[in-house]
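Undergrad: starting from these lines, generate the structure:
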Amino acid sequence: MLSTVASAAAPGSRDELLYIGTWGQNQVHAVRFDAVRSTMTPLGPVAEISSSWVAVHPHRPVLYVAGAEQGGFIRSFRIDDSTGALRQTGEIETEPVPTGSGGLSYIAPTADAGALLVADFAAGSAVTVSLTGDGGLGAVASSVQDAGSGPDPRQAGPHPHHVVIDPSGRFALVADFGADRVFVYDYDRAAHQLSVGSVDPGSFATAPGSGPRRLAFHPEGRTIYLLSELTAELQVLDWDARQGMLTSRQLLTTNAPDHTGSTSAAELVISRDGRYVYTSNRGDNALVVFSAARRTGLLTEVQRVPCGGVTPWSMCLHSSGRWLFVANEASSTVNLFHVHPRSGRLTDTRTSVPVPNPASISVRHLGVGVAGFTHS
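TA: I've put the predicted structure just below:
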């Protein structure tokens, strides 16, 4: 394991730094982004480590990297803002007993940066890991085990794909690909701990074989969007924060009307003002934009655009709302799209950088904080 890679040492302006996790390449790559000139400059690999997911601390120059190997490993790295280079500072194994291949599918700091939220795809569990004041890795604070299975061969058991905290801070919602459920766990904000309710965790059942993958709360806090991978469907749900319950209100497809072949949706992000929802469809190699009704949060498709490559695995909205970064895994490129400020529509800038099999993107915004996924 190489904890420091200096190939990124190309001093430049204090532009933003994109960190990109790679699928099966055991590398983290860095890219320098100039938002004024809308240019991306590849800095090459900055860590030689399994990187199924990456996430930047919201305030500190720290990058967290989730591994795909056995054991559920998370590593922390100190970011050199002037060069983009990384220096490993910590490592934690989140599985008490290694469960096999698959590893972690998602990590993200909580809003207060007191802990990391972790989806352990292989182990079927959702985990929290405490963070120190300077962003260092603490200990595993809690772990809850999902249960269930689905009809697809990939759904032999529970496989959490995403964890979010609801706006009230009282509940953690887990989209479980394998169980065809969104599980609702109690969340202790002070201790950063997940726990089962008084009897069993609440849950919302999706259609059998749908494979829930991503969740995003609308800023008003009463609506949540759910993207399912295997059916490529986008669902609008009501969220009752008093009882921790979900109710379905709308179901849409992200597939094109003439879709044929494999079906696979991947990423879901929402604009900061809640007016637009963006999804990626790997079966159609497309990005699909929806507008959200102001009063109800219900969605209307407004645009479908090619992703600029093949297999759009992940996406990241810039903090300004003007740019969307797309990780096209099979074509090994990260592509830049412009976001229209009023219509929310996307325009392919034709700007891209080569990155081997990119799977996730997180942004270190130098100066005033960090941009990243707008998941709650």
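Undergrad: and the strands in the stretch 101-250 of the chain, which stretches?
TA: Taking DSSP state E, counting those that start in this stretch to define them, one finds strands in the stretch 101-250 of the chain at 104-109, 115-120, 125-131, 137-145, 160-165, 171-176, 181-188, 193-195, 202-205, 212-217, 223-228, 233-240, 245-253.
Undergrad: Val269 is nearest to which of those?
TA: Minimum separation from Val269 across these (C-beta to C-beta) falls at strand 212-217, 6.7 Å. C-beta here means a position set from N, CA and C on the backbone, and glycine is covered the same way.
Undergrad: now do that closest one, average pLDDT.
TA: Strand 212-217 shows a mean pLDDT of 98.
Undergrad: could you list the paired strands of that strand along with their orientation?
TA: strand 223-228 (antiparallel) (DSSP bridges).
Undergrad: in TSV: the strands of the stretch 101-250 of the chain, plus mean neighbour count and distance to Asp81.
TA: Compiled in TSV, the strands of the stretch 101-250 of the chain are given as follows (neighbours: other C-beta atoms under 10 Å; distance: least, C-beta to C-beta, whole Å):
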stretch	mean neighbour count	distance to Asp81
strand 104-109	25	18
strand 115-120	26	21
strand 125-131	24	19
strand 137-145	17	20
strand 160-165	25	28
strand 171-176	27	32
strand 181-188	22	32
strand 193-195	20	33
strand 202-205	19	41
strand 212-217	25	29
strand 223-228	25	33
strand 233-240	20	37
strand 245-253	16	40
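Undergrad: pipe the ones you listed into CSV and attach distance to Gly24 per row.
TA: Converted to CSV, the strands of the stretch 101-250 of the chain look like this (distance: least, C-beta to C-beta, whole Å):
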stretch, distance to Gly24
strand 104-109, 14
strand 115-120, 18
strand 125-131, 23
strand 137-145, 24
strand 160-165, 18
strand 171-176, 23
strand 181-188, 28
strand 193-195, 29
strand 202-205, 32
strand 212-217, 19
strand 223-228, 23
strand 233-240, 27
strand 245-253, 29
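Undergrad: closest to His57 out of these?
TA: Of the strands of the stretch 101-250 of the chain, nearest to His57 by C-beta to C-beta is strand 104-109, at 5.9 Å.
Undergrad: tell me the angle of that closest one relative to strand 115-120?
TA: If you take axes from the mean of the first three to the mean of the last three C-alpha atoms, to 10 degrees, strand 104-109 sits at 170 degrees to strand 115-120.
Undergrad: packing partners for the strand or helix carrying Ile20?
TA: In this assignment (DSSP states H and E), Ile20 forms part of strand 16-22. With contacts taken as 3 or more C-beta pairs under 8 Å, 6 or more residues apart in numbering; DSSP states H and E, strand 16-22 sits against strand 28-34, strand 39-47, strand 53-56, strand 62-66, strand 358-364.
Undergrad: quick one: mean pLDDT for the fourth one?
TA: Same thing as strand 62-66. For strand 62-66, the mean per-residue pLDDT is 98.
Undergrad: residues in contact with it?
TA: Contacting residues not belonging to strand 62-66 are listed as 19, 21, 28, 47, 49-57, 73-79, 86, 89, 103-107, 109, 116, 118, 134-137, 362, 364 [C-beta atoms under 8 Å, 6 or more residues apart in numbering].
Undergrad: the third one too?
TA: Under the contact criterion C-beta under 8 Å, 6+ apart, strand 53-56 has outside partners 19-21, 28, 62-66, 79, 104-109, 116, 359-364, 370, 372.
Undergrad: about what we covered before: just the buried residues out of the contacts of strand 62-66, in ChimeraX syntax.
TA: Only the buried entries of the contacts of strand 62-66 go into this ChimeraX selection, using 16 or more other C-beta atoms under 10 Å:
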select :19,21,28,47,49,50,51,52,53,54,55,56,57,73,74,75,76,77,78,79,86,89,103,104,105,106,107,109,116,118,135,137,362,364
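Undergrad: Thr206 contacts Ser228, correct?
TA: Yes. Contact criterion C-beta atoms under 8 Å: Thr206 and Ser228 qualify, at 6.0 Å.
Undergrad: find residues that contact each of the two.
TA: Pro212, Gln235.
Undergrad: ok, the residue nearest to Phe325 when sequence neighbours are not counted to Val269 distance?
TA: For Phe325, ignoring the flanking residues on the chain, the nearest one in space by C-beta to C-beta, 6 or more residues apart in numbering is Cys316 at 4.6 Å. Noted for Cys316: a distance of 7 Å to Val269, by C-beta to C-beta, to the nearest Å.
Undergrad: likewise for Ala30?
TA: Distance from Ala30 to Val269, by C-beta to C-beta: 21 Å.
Undergrad: please apply the same query to Val310.
TA: Using C-beta to C-beta, Val310 is found at 20 Å from Val269.
Undergrad: so which of those two has more stuff around it?
TA: Val269 (22 against 15; other C-beta atoms under 10 Å).
Undergrad: quick check: bridge partners of that one?
TA: Counting by DSSP bridges, Val269 forms beta bridges with Tyr278.
Undergrad: where's it relative to Asp81, distance?
TA: Distance, Val269 to Asp81, by C-beta to C-beta: 25 Å.
Undergrad: ditto for Thr254
TA: 37 Å.
Undergrad: neighbour count winner among these two?
TA: Thr254 (28 against 12).
Undergrad: enumerate every residue touching the more buried one.
TA: Thr254 touches Leu227, Ala232, Glu233, Leu234, Ala265, Thr279, Asn281, Asp284, Ala286, Val288, counting by C-beta under 8 Å, 6+ apart.
Undergrad: again with Tyr19
TA: By C-beta under 8 Å, 6+ apart, the contact set of Tyr19 is Val28, His29, Ala30, Val46, Val54, Val56, Leu63, Ile361, Ser362, Val363, Arg364.
Undergrad: number of nearby residues for the third one?
TA: Read it as Ala30. 27.
Undergrad: quick check: it touching Val46?
TA: Yes. Using C-beta under 8 Å, Ala30 is in contact with Val46, at 4.6 Å.
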